[in-house]
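Participant: prediction below, plus the sequence it came from.
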Amino acid sequence: MDPDLGSAFTLEFFDAPEPFLHVASPLLCADPVLGSVIASVSERTARELAAGHDSWAEVGAPFDRWWLVVRDGVGEVVSAVMRTATFKPYPTFAMPMPDAAARALARALHERGEVLGGANGALPGAEVLARATADLLGGEMVVDKATRLWECTRVEVPPAPEGRLRLATEADAPLVLAWFTAFHAEADEQAGREPDPTSGEHNTIDSVLVRIREGVEWLWELPDGTVAHLSGAGLPSYGVSRIGPVYTPREHRGRGIASYVVGELTRRGLEAGHRMCLFTDRDNPTSNKIYAGLGNEPVVDMAEHLVTR
């Protein structure tokens, strides 16, 4: 354990997902929507390791990935953080975290020589972590992307357009991979940012095949057989399933496909007893309006921060 000097918080690092999940479970169970990213990524990594494969070995990051719980003065777990992102600058992702704990984490990473190039997650903790890191490095902190986490407890599914919803198959893997890539670039464009092909989740044909085999990628097929849309609906973690990514090529937009598919996948999840959530880019008014119209309500604002030197 690494104590935060002069504060009531203690940081406990883990180098594997299973022991982390064992310790963090009470927190993740208490607030599974806020913890959905950390829980789903950690559980996916645990499944991967159990199957004898470790994709982290292919990343080439200059540090070992880690998970972390924050304990308060009486030893209760009050926050969780992970650094498992496979894309540069390998940002952390954090649940809501006390400011003092965020500053302690910045110092702990700095003292062990681990350069933190970005911090994502719930505000204000993620911003405090990024700013404290920038101060230690003599650099600057900038907000790269503002996001919002939403939850839907009652969904209003719009009328279905022409076509059908079907699961992606292994034969669809190249298309799914291409659309994952396009999703990140076009999300930047729609929010008025310069597209960055190195940002966002790193995917390969192998990682896409894993998602397809898990049955979490859905496609909308037009009556003539043309595939016109992609939506993901993740496996539940602690009872929560997260929708995303949601992508429609430009030539198929304006038909209500995305609204229907997201609404229908949300309906199915709710009927199966899952809590349903999704993220939006706060700078994209179109997606925010669509998802609010389906019945989603804001949970917490998050942001992706970059630390430069």
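Facilitator: In hand now; what should we look at?
Participant: which strands and helices lie in contact with the helix or strand hosting A119?
Facilitator: Secondary structure here is read from DSSP states H and E; on that basis A119 sits in strand 118-122. Taking 3 or more CB pairs under 8 Å, 6 or more residues apart in numbering; DSSP states H and E as contact, the helices and strands that strand 118-122 lies on are strand 92-94, helix 125-137, strand 296-308. From N, CA and C alone the C-beta is placed, and that goes for glycine too.
Participant: quick one: least confident helix or strand in this protein?
Facilitator: Per-element confidence for the chain was summarised using mean pLDDT, DSSP states H and E. The lowest value among helices and strands belongs to strand 2-3, with a mean of 44.
Participant: pull the CA atoms of the helix or strand following that one into PDB?
Facilitator: Heading C-terminal from strand 2-3, the first helix or strand you meet, by DSSP H and E, is strand 10-14. What follows is strand 10-14, C-alpha atoms only, in PDB (Å, rounded to 0.1, in the frame of the first residue of the first chain):
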ATOM      1  CA  THR A  10      -4.600   5.100   1.100                       C
ATOM      2  CA  LEU A  11      -3.900   3.800  -2.400                       C
ATOM      3  CA  GLU A  12      -3.800   0.100  -3.000                       C
ATOM      4  CA  PHE A  13      -2.400  -1.000  -6.400                       C
ATOM      5  CA  PHE A  14      -3.100  -4.300  -8.200                       C
END
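Participant: strand partners of strand 10-14, parallel vs antiparallel please.
Facilitator: Using DSSP bridges, the strands paired with strand 10-14 are strand 2-3 (antiparallel), strand 66-71 (antiparallel).
Participant: residues in contact with W218?
Facilitator: For W218, the contacting residues are 165-168, 230-233, 261, 265, taking CB atoms under 8 Å, 6 or more residues apart in numbering as the criterion.
Participant: show me the chain divided up by domain.
Facilitator: Following automatic domain parsing, the chain resolves into domains at 2-138, 164-301.
Participant: sketch out the low-pLDDT regions of the stretch 1-150 of the chain for me.
Facilitator: Using pLDDT under 70 as the threshold, the predicted model of the stretch 1-150 of the chain has low-confidence ranges 1-7.
Participant: returning to that earlier point: of all the helices and strands packed on strand 118-122, which lies closest to G256?
Facilitator: Go through the helices and strands packed on strand 118-122 one by one with CB to CB and the one that ends up closest to G256 is strand 296-308, at 16.6 Å.
Participant: among the strands paired with strand 10-14, which is nearest I205?
Facilitator: Using CB to CB as the measure, strand 66-71 is the one of these that comes nearest I205, at 27.0 Å.
Participant: quick one: the closest one to helix 125-137, angle?
Facilitator: Orientation check (axes from the mean of the first three to the mean of the last three CA atoms, to 10 degrees): strand 66-71 against helix 125-137 gives 110 degrees.
Participant: in the following helix or strand past strand 66-71, which residues are buried?
Facilitator: Sequence-wise, the next helix or strand beyond strand 66-71 is strand 77-83, with elements assigned using DSSP H and E. Within strand 77-83, the residues scored as buried using 16 or more other CB atoms under 10 Å are 77-83.
Participant: can I get strand 77-83 as CSV, trimmed to CA atoms?
Facilitator: Once side chains and other backbone atoms are set aside, the C-alpha atoms of strand 77-83 remain, and they are given as CSV (Å, rounded to 0.1, in the frame of the first residue of the first chain):
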residue,chain,number,x,y,z
VAL,A,77,-13.0,1.4,-0.4
VAL,A,78,-14.3,4.8,-1.7
SER,A,79,-13.0,4.9,-5.3
ALA,A,80,-11.4,2.8,-8.0
VAL,A,81,-9.0,3.7,-10.8
MET,A,82,-7.4,1.7,-13.6
ARG,A,83,-4.7,2.3,-16.2
